[in-house]
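A.B. asks: I would like to see how this sequence folds:
(2 chains)
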Amino acid sequence: QKEVEQDPGPLSVPEGAIVSLNCTYSNSAFQYFMWYRQYSRKGPELLMYTYSSGNKEDGRFTAQVDKSSKYISLFIRDSQPSDSATYLCAMLASGGSYIPTFGRGTSLIVHP
Amino acid sequence: EAGVAQSPRYKIIEKRQSVAFWCNPISGHATLYWYQQILGQGPKLLIQFQNNGVVDDSQLPKDRFSAERLKGVDSTLKIQPAKLEDSAVYLCASSSTLNTGELFFGEGSRLTVL
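C.D. replies: Next up is the predicted model:
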């Protein structure tokens, strides 16, 4: 079992839809949870950063962490064609390894 | 503020040849990472530096890959000899501190091995 599991998609939605992207993980030491967005032929860029459990909102984006279920989500409201990209979840343990572990990414396509 | 710079952006080589990639991190960032991203997969760490010292290189195939960060600023990743399975994007990232998930990535160097 991989430490971080993420469905590769692709996920295709119409413009304006609410998008839900998810990751599960197995390492209970993970405390920091990130979502990166990667456009085609570009490097990943940090979108959301959360610590421990709970929700964090930033504009149209909401990150949710459920540590009891080892499950994290990213919600995108009012999705736009410019949101079409690959979304990578990443996680980091507190103490020990200082290396973020990435999921394989979910490809999102928002069509007009 | 200038981002992470990488070169070359694209490289095509034959198997058994050598290749080198260069990275210049964001000014003042002490931590530098090299990740390998194979098509359809997430980035996989190859090596992490803190200043000019190696923090983790446990997943670096040391028989063919080497990396250095001599003056604690820019870094070079070398592959010699290359194999077909090394075809990937090599991403350099930097961060201001260790133990942070806030990484700043360059655009990557895309390697094709024929």
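A.B. asks: tell me which element B:Asn94 falls in.
C.D. replies: No, residue B:94 isn't Asn; it's Ser. According to DSSP states H and E, B:Ser94 maps onto strand B:88-95.
A.B. asks: mean confidence score for that strand?
C.D. replies: Average pLDDT, strand B:88-95: 97.
A.B. asks: which outside residues touch the following helix or strand past it?
C.D. replies: Counting by DSSP H and E, the next helix or strand C-terminal to strand B:88-95 is strand B:104-105. Applying C-beta atoms under 8 Å, 6 or more residues apart in numbering or on different chains, the external contacts of strand B:104-105 come out as A:43-46, B:3-4, B:25-26, B:29, B:91-95. C-beta: built from backbone N, CA, C; applies to glycine.
A.B. asks: Narrow these to those that are buried.
C.D. replies: Burial by neighbour count, 16 or more other C-beta atoms under 10 Å in any protein chain shown: within the contacts of strand B:104-105 this picks out A:43-44, B:4, B:25-26, B:29, B:91-95.
A.B. asks: and which of those is nearest to A:Ser26?
C.D. replies: A:Pro44 (22.0 Å; C-beta to C-beta).
A.B. asks: Can you report phi and psi for the closest one?
C.D. replies: Main-chain dihedrals, A:Pro44, degrees, to the nearest 10: phi -60, psi 150.
A.B. asks: which residues does it contact?
C.D. replies: The contact partners of A:Pro44, by C-beta under 8 Å, 6+ apart, come to A:36-38, A:88, B:43, B:91, B:103, B:105.
A.B. asks: what's the farthest-apart pair in the residues you listed?
C.D. replies: A:Arg37 and B:Leu91 (14.1 Å).
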